[in-house]
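**Student:** structure for the following, please:
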Amino acid sequence: MRRPRIFLDANILVDAQIRDIFFTIAEARLIELRWSNEVLNETRNVLTNQRGIEPARVDYLISTIDAAFPKSNVVAAKITLLPVALPDADDLHVLSAAVNADCDLLVTNNLRDFPDGAVAPFGLLTGH
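**Tutor:** As a prediction, the model looks like this:
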């Protein structure tokens, strides 16, 4: 039986405590994590531009995440954008990456941007 596959949105990755909980569960091999380069770039932008963390520290964090979970990054070239309308069109890449990665759950703090009517047809659940 395959472990639950969970896509983490950038707003989850920027929160160190929540991020570390998911990483700990994944390291215990209870779940599989997924994200995309776009999500990592959003994470990088929030941490440096909004939270004021030194870019070198953020780059180190991102490279450490990639090294620790080498199979988690959904390759952008393999992501097909879905023909669905979301309240925030900028989030289409998140939903598309989660669906293309065959995820079971999309974890985000912006549930309003991923309404059930747009997400459910792809067999994906959302949560925070």
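
**Student:** which residue, other than its chain neighbours, is closest to residue 112?
**Tutor:** Using Cβ to Cβ, 6 or more residues apart in numbering and skipping the chain neighbours, the partner closest in space to residue 112 is residue 87 (6.4 Å). Placement of C-beta: from N, CA and C, glycine included.

**Student:** so which helix or strand takes in that neighbour?
**Tutor:** For residue 87, there is no enclosing helix or strand under DSSP states H and E.

**Student:** show residues contacting the helix or strand in which residue 45 is found.
**Tutor:** Using DSSP H and E, residue 45 falls within helix 37-45. For helix 37-45, the surrounding residues in contact (Cβ atoms under 8 Å, 6 or more residues apart in numbering) are 8-10, 13-14, 58-59, 62, 65-66, 73, 75-76, 93-94, 97.

**Student:** tell me the mean pLDDT for that helix?
**Tutor:** Throughout helix 37-45, pLDDT has a mean value of 95.

**Student:** which element is encountered next along the chain beyond that helix?
**Tutor:** helix 55-68.

**Student:** return the set of buried residues in that following helix.
**Tutor:** 58, 61-62, 65 (16 or more other Cβ atoms under 10 Å).

**Student:** again with stretch 32-42
**Tutor:** Buried residues in stretch 32-42, counted by 16+ other Cβ under 10 Å: 32-40, 42.

**Student:** now do the helix or strand containing residue 20: distance to the chain's middle.
**Tutor:** Taking DSSP H and E as the definition, residue 20 sits inside helix 16-27. Offset of helix 16-27 from its chain centre (Cα atoms, centre = their mean, to the nearest Å): 13 Å.

**Student:** likewise stretch 19-32?
**Tutor:** 13 Å.
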